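Q: I would like to see how this sequence folds:
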Amino acid sequence: MAKKIEMKKNIALSFILAGLVFTGVYAQKPHDILVTIGNDSISAAEFLNTYSKNNNLNKATEKDLRDYLDLFINFKMKVKEGELLQLDTSKQFKMELQSYKKQSSQQYLVDKEVTDELINEAAARAKYDIRASHILINCSEKTEGKDTVEAYNKALSIRNDILSGKITFADAAVQYSEDPSARDMVNPQTNRLHYGNKGDLGYFTVFDLIYPFENAAYNTPIGQVSMPVRTKFGYHLIYVVDRIDAVSEITIAQIYVADTLARTGQQTAETAAKLKKIQAALASGTSFEDVVKQYSEDKTVDEGGLQEPFAPNRRQGDFVKAILSLKAEQISEPIASQNGWHIVKLVKAAPVEVNDDVLYTFRNRISRDDRSHKSTDSFIAKLKKEYNYDESGRAKAMKFFLKNMPDEFFQMKELLLHQVKGIDNLKPMATFADQTISAKEFAQYFDRFKGMRLQPNEFAGFLDERFEAYMKEKMTRYEKNRLEEKYPEFKALVKEFHDGMVLYEVNTQKVWAEAMKDTVGLQKYYEEHSTKYVDPKTLELNKLDDIRAIVITDYQEYLDQKWIAELKKKYNPTVDEKVFQSLLKK
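A: Numbers count the residues shown, from 1 in each chain. Purely as a prediction, here's the structure:
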């Protein structure tokens with residue numbers, strides 16, 4: 001279905017780009033009717049606006065306008081015929097149109113200015129890679145009050161100890177961080193030891209991490225430790241280690257020597273001896289590829305040690321830092337990793353390019369990213385103002401809910417919040433435009449979350465979170481239902497797609513499919529126009545089977561012209577010559 005929608009969308013767009021669907025408003029008297037098609041009247045303004053979309057009206061000749069008017073009339077007649085045949089009433093058609101409306105409406109349901117600011121922010125950040133370490137103190141995003149304060153104060157205390165020199169950031173991460181990757185641990189499934197990163201996240205760039213964390217990392221100076229930063233995971237202390245020009249992809253070749261001591265910066269005697277031999281061979285002029293074959297313990301020996309390209313965020317920070325200190329084709333000193341020692345030749349470090357394609361990608365990523373809430377929240381704030389939003393009944397309703405929610409509320413199937421006695425007596429929690437959100441309405445929605453595992457101290461935060469989500473969803477739905485009334489350009493956009501889909505369906509039925517299945521008519525057309533299909537070299541008639549695709553195309557054109565003639569008889573399109581002549585003077 002998605003491919004079919006896309007095909008119809010492309011066909012619709014082809015007519016839009018050809019200027020054959022009306023959009024916008026061109027300055028013309030509304031009663032100046034240029035064309036009548038059956039009972040339909042089409043204004044000169046509509047025609048001029050259509051023409052002006054992709055043509056220079058000031059340079060248009062009478063012939064240009066008349067030729068275009070013929071195409072315009074044919075288009076209008078075909079769409080009218082398709083509507084008469086009710087081709088726009090099928091379930092499939094309505095689903096596809098609704099899908100397009102939903103997709104197209106998204107640009108009207110955010111604050112465009114804020115979205116543009118977010119794109120610009122992402123573009124600026126994409127020029128740099130940040131290396132940072134963090135310490136996490138767990139705190140559920142639903143937690144409020146005392147537990148939140150305790151988590152914050154714990155993070156603040158750790159920060160003070162780091163700044164006073166009592167402990168290093170790395171040691172504090174090992175000792176205090178509740179991110180398990182900070183410490184060595186054994187995988188219970190494989191029984192393999194995984195070495196801790198001591199809080200070091202390596203290099204990352206925009207969109208790699210959650211937005212609040214990214215914000216703090218990009219706004220904290222190198223060598224500084226941030227104040228506690230709240231995310232959905234808890235509170236983070238962020239230590240910014242480095243900031244470099246962004247690299248999209250790194251390509252290296254390597255000579256690898258396995259050694260578990262490498263993670264501590266040490267070498268076994270055997271490793272030390274082997275590394276000396278490798279460096280001596282390279283210094284003597286032996287090619288890197290030959291040294292790889294002789295000494296490397298990596299599986300890429302046959303490829304000269306060449307590795308798959310990788311982004312900086314796919315390797316340890318120290319490893320990336322050492323590689324990026326090299327120039328192209330330069331060979332490094334031994335570099336340690338968690339598993340061994342690497343002598344690396346830098347093949348290429350490709351810089352990041354922020355072009356129009358990247359900005360388009362950013363726009364799409366922002367719509368799916370946490371930062372989209374910033375644009376959505378700004379949009380909702382504007383709607384609240386426009387629709388006189390009032391939530392004076394919210395606080396009292398929240399107190400009522402909490403009073404009637406025992407500690408076991410989410411596991412008590414028999415207790416439904418919307419059935420609690422007295423709920424109907426509460427005033428609406430919120431009102432906007434002609435809409436209300438009653439306490440009972442919200443409680444019915446909230447009861448859907450029964451079965452969740454929440455602590456009593458999380459109830460208030462969860463209630464607020466769900467109310468905000470419900471209110472935003474209802475307000476957005478209200479606005480979405482008014483888009484065609486509120487924004488003429490959106491209404492026109494939907495009409496364009498509708499008419500393009502109708503045109504696709506009616507052309508398929510009357511022309512394209514008909515030419516494919518009407519084998520008798522095709523044969524007759526071929527015979528009556530056989531002179532068109534004579535081979536100019538042999539002067540012999542090409543067989544129908546040999547040139548079927550060409551004949552079908554010609555037959556489709558024939559059927560199209562025949563059908564247009566029938567439509568003209570049926571709808572009797574009439575042009576007001578006086579109005580048309582007035583267009584030539586514009």
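Q: can you tell me the closest non-neighbouring residue to F213?
A: T231 (5.6 Å; C-beta to C-beta, 6 or more residues apart in numbering). Bear in mind the C-beta positions are built from the backbone N, C-alpha and C, glycine included.
Q: one more: A173?
A: G199 is the one closest to A173 (C-beta to C-beta, 6+ apart), at 3.0 Å.
Q: ok, now A262?
A: A336 is the one closest to A262 (C-beta to C-beta, 6+ apart), at 4.3 Å.
Q: now A132: which helix or strand?
A: strand 128-138 (DSSP states H and E).
Q: got a list of contacts for the following helix or strand past that strand?
A: Of the helices and strands lying after strand 128-138 in sequence (DSSP H and E), the nearest is helix 146-163. Under the contact criterion C-beta atoms under 8 Å, 6 or more residues apart in numbering, helix 146-163 has outside partners 135, 137-139, 143, 167-169, 172, 176, 225, 227-228, 230, 234-237, 239, 457.
Q: buried set for helix 146-163?
A: T148, A151, Y152, K154, A155, I158, R159, D161, I162 (16 or more other C-beta atoms under 10 Å).
Q: the fifth one and L136: what is the separation?
A: Distance of A155 to L136, computed by C-beta to C-beta, to the nearest Å: 9 Å.
Q: common neighbours of these two, please.
A: Joint contacts of A155 and L136 (C-beta under 8 Å, 6+ apart) are Y235, H236.
Q: one step back: weed out the non-buried ones from the contacts of helix 146-163.
A: 135, 137, 139, 143, 169, 172, 176, 225, 228, 230, 234-237, 239, 457.
Q: from the residues you listed, pick the one nearest T361.
A: H236 (27.0 Å; C-beta to C-beta).
Q: next structured bit after whatever helix or strand that closest one lives in?
A: Secondary structure assignment for H236, by DSSP H and E: strand 234-245. Following strand 234-245 in sequence order, the next helix or strand is strand 247-258 (DSSP H and E).
Q: where does the stretch 51-200 of the chain have low pLDDT?
A: 142-146 (pLDDT under 70).
Q: can you pull out the helices in it?
A: 62-84, 91-105, 112-125, 146-163, 169-176 (DSSP state H, counting those that start in this stretch).
Q: measure D464 to R230 for me?
A: On the measure of C-beta to C-beta, D464 and R230 end up 15 Å apart.
Q: how about residues contacting stretch 263-280?
A: 195, 255, 257, 259, 261-262, 291, 295, 334, 336-341, 343.
Q: which of these sits closest to N49?
A: Using C-beta to C-beta, these come closest to N49 at S337, 64.2 Å.
Q: neighbours of that closest one, how many?
A: Applying other C-beta atoms under 10 Å, we find 17 residues neighbouring S337.
Q: from memory it sits against A322, does it?
A: No. At 9.9 Å, S337 does not count as touching A322 under the criterion of C-beta atoms under 8 Å.
Q: so what's the residue count around the residue nearest to L415 when sequence neighbours are not counted?
A: Leaving aside its chain neighbours, L415 sits nearest to F409 (6.4 Å; criterion: C-beta to C-beta, 6+ apart). Applying other C-beta under 10 Å, we find 18 residues neighbouring F409.
Q: how close does K474 get to K382?
A: For K474 relative to K382 (C-beta to C-beta), the value is 16 Å.
Q: er, G422 actually
A: 35 Å.
Q: go on, Q103?
A: With the distance defined as C-beta to C-beta, Q103 ends up 22 Å from K382.
Q: before we move on, which element is the residue nearest the centre of the chain in?
A: Per C-alpha atoms, centre = their mean, the C-alpha nearest to the average position across the chain is that of N364, at 2.6 Å. For N364, the element it lies in under DSSP H and E is helix 356-368.
Q: can you list contacts of that helix?
A: Outside helix 356-368, the residues within contact range by C-beta under 8 Å, 6+ apart are Q106, V110, T115, L118, I119, A122, A123, A126, F207, S372, S375.
Q: so where do the strands sit in the stretch 451-586 of the chain?
A: 574-575 (DSSP state E, counting those that start in this stretch).
Q: L417 reaches F449, doesn't it?
A: No. L417 is not in contact with F449 according to C-beta under 8 Å; the separation is 9.9 Å.
Q: and these two? Which one has more around it.
A: More crowded of L417 and F449, by other C-beta under 10 Å: L417, with 22 against 12.
Q: the spatially closest residue to the more buried one that is not a sequence neighbour: what's it in contact with?
A: Excluding the flanking residues, the one nearest L417 by C-beta to C-beta, 6+ apart is A443, at 4.1 Å. Neighbouring residues of A443 by C-beta under 8 Å, 6+ apart: F401, L416, L417, H418, V420, I423.
Q: ditto for G340
A: By C-beta under 8 Å, 6+ apart, the contact list for G340 reads Y256, V257, A258, D259, T260, A262, T271, E297.
Q: among those residues, find the lowest-pLDDT one for me.
A: Of all those, T260 carries the smallest pLDDT score, 90.
Q: quick one: it from T268, how far?
A: According to C-beta to C-beta, T260 stands 9 Å off from T268.
Q: related to what we said a few turns ago, now the element after the helix holding N364, going C-ward?
A: The element immediately downstream of helix 356-368 (helix or strand, assigned by DSSP H and E) is helix 372-386.
Q: and the contacts of that following helix?
A: 109-111, 113-115, 118, 366, 389, 432, 472, 475-476, 479.
Q: just stretch 113-120 next, same as before
A: Taking C-beta under 8 Å, 6+ apart as the rule, stretch 113-120 contacts L359, F362, R363, I366, R371, S372, K374, S375, S378, F379.
Q: go with 10 Å
A: 107, 110-111, 211, 359-360, 362-363, 365-367, 369, 371-372, 374-379 (C-beta atoms under 10 Å, 6 or more residues apart in numbering).
Q: would you confirm that W341 belongs to a strand?
A: Yes. Judged by DSSP: H, G, I helix; E, B strand; the rest coil, W341 forms part of a strand.
Q: my guess is it contacts D298. True?
A: No. With contact defined as C-beta atoms under 10 Å, W341 does not reach D298; the gap is 11.3 Å.
Q: name the residues contacting each of the two.
A: Q254, I255, Y256, V257, A258.
Q: what number of residues lie near I547?
A: 17.
Q: what are the phi and psi values at D535?
A: Reported as degrees, to the nearest 10, the phi and psi values for D535 are phi -70, psi 120.
Q: what's the separation between it and I547?
A: To I547, D535 is 9 Å away according to C-beta to C-beta.
Q: do the same with F497
A: Taken as C-beta to C-beta, the span from F497 to I547 is 36 Å.
Q: report the buried residues of stretch 445-454.
A: For stretch 445-454, using 16+ other C-beta under 10 Å, the buried residues are Y445, F446, L454.
Q: check stretch 415-424 too.
A: Buried residues in stretch 415-424, counting neighbours by 16+ other C-beta under 10 Å, are found at L415, L417, H418, V420, I423.
Q: same check, this time on stretch 204-218
A: Buried-residue list, stretch 204-218, by 16+ other C-beta under 10 Å: 204-209, 211-218.
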